[in-house]
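Undergrad: Okay, sequence plus prediction incoming.
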Amino acid sequence: MLHRALITALNHLLSSEPWARERLRAFAGQTARVEAPPVVFNLEITPQGDFSLADAANPPTVTIAVPASAVFRLGCGLEALESVLGSAQVKGPADLTDCLGFVIRNLRWDVESDLAPLVGDILAHRLVWLGREFAAWQRQKARNLALNFAEYFTEESQVIASRTDIAEYCREVDSLGTPLRRLEARIAALEAVVGRR
């Protein structure tokens, strides 16, 4: 099941982070409910400082809520995984939420060390570098595409007003304020005169 894969992934990240396991050991036996739509499950902190699946019948000590939108970013690379972990909201007792929040925000996947035993150190380093370059290239292309769409809709088809057009409109509306106030004052004065007759 998906929750078992997530627990395995979390424990794999923890295996290379002794500082995180040390922090979690202090809370051994406490449970956390993970809400990452569509998956909801309970984790228990083990005496070794990692996680195991907890009985769903027991009430959790804390709740970790991952926004539904964050789950869709998982396919976008390593930075997306860190972004998803960082966007999780932890609720419960302050000491445990501080610990879990800190651990979740600071877990990093060392892809290179996982690849090195399979393909060697040099190739692992180059593959990670290529992956980062490819991800950066994709981000730049997506940004360029978004800017091109924005330019098309504001300049070519004029479906959306440009910033300069909106700023000019706001200046024109503001410039009408003073004459409008003067006109209202004159109307009020004329009504006062007509009312006296």
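TA: That came through, no problem. Numbers count the residues shown, from 1 in each chain.
Undergrad: so after the longest helix along the chain, what's the next helix or strand?
TA: Residue-count comparison of every helix in the chain, with assignments taken from DSSP state H, identifies helix 121-151 as the longest. Once the chain leaves helix 121-151, the next helix or strand it forms, by DSSP states H and E, is helix 163-175.
Undergrad: ok so, going back, the longest helix of the chain - contacts with which helices or strands?
TA: In terms of contacts (3 or more Cβ pairs under 8 Å, 6 or more residues apart in numbering; DSSP states H and E), helix 121-151 is packed against helix 78-86, helix 111-119. For glycine as for every other residue, the C-beta is placed from the backbone atoms N, C-alpha and C.
Undergrad: In terms of mean pLDDT, which of the ones you listed ranks lowest?
TA: Confidence, taken as mean pLDDT, is least for helix 78-86 of those (a mean of 57).
Undergrad: low-scoring stretches of this protein, by residue?
TA: Under the criterion of pLDDT under 70, the regions of the chain flagged as low confidence span 1-2, 69-86.
Undergrad: Domain map for it?
TA: The record assigns the chain these domain ranges, following automatic domain parsing: 2-106, 111-160, 161-197.
Undergrad: Count the neighbours of Leu10 for me.
TA: Other residues near Leu10 number 19, with proximity taken as other Cβ atoms under 10 Å.
Undergrad: my guess is it meets Phe51, correct?
TA: Yes: with contact defined as Cβ atoms under 8 Å, Leu10 reaches Phe51; the gap is 5.6 Å.
Undergrad: intersection of neighbour lists for the two?
TA: Common contact partners of Leu10 and Phe51 (Cβ atoms under 8 Å, 6 or more residues apart in numbering): Leu43.
Undergrad: Give me the angle between the longest helix of the chain and helix 111-119.
TA: Angle of helix 121-151 versus helix 111-119, following axes from the mean of the first three to the mean of the last three Cα atoms, to 10 degrees, is 130 degrees.
Undergrad: quick one: buried residues of helix 121-151?
TA: Within helix 121-151, the residues that count as buried by 16 or more other Cβ atoms under 10 Å are Ala124, Leu127, Val128.
Undergrad: a markdown table for these, including distance to Ser113?
TA: Converted to a markdown table, the buried residues of helix 121-151 look like this (distance: Cβ to Cβ, whole Å):
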| residue | distance to Ser113 |
| --- | --- |
| Ala124 | 8 |
| Leu127 | 12 |
| Val128 | 10 |
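Undergrad: Between those, which sits nearest Leu6?
TA: Val128 (22.9 Å; Cβ to Cβ).
Undergrad: I'd say that closest one and Val111 touch.
TA: Yes: when contacts are counted by Cβ under 8 Å, Val128 is listed as touching Val111 (5.3 Å).
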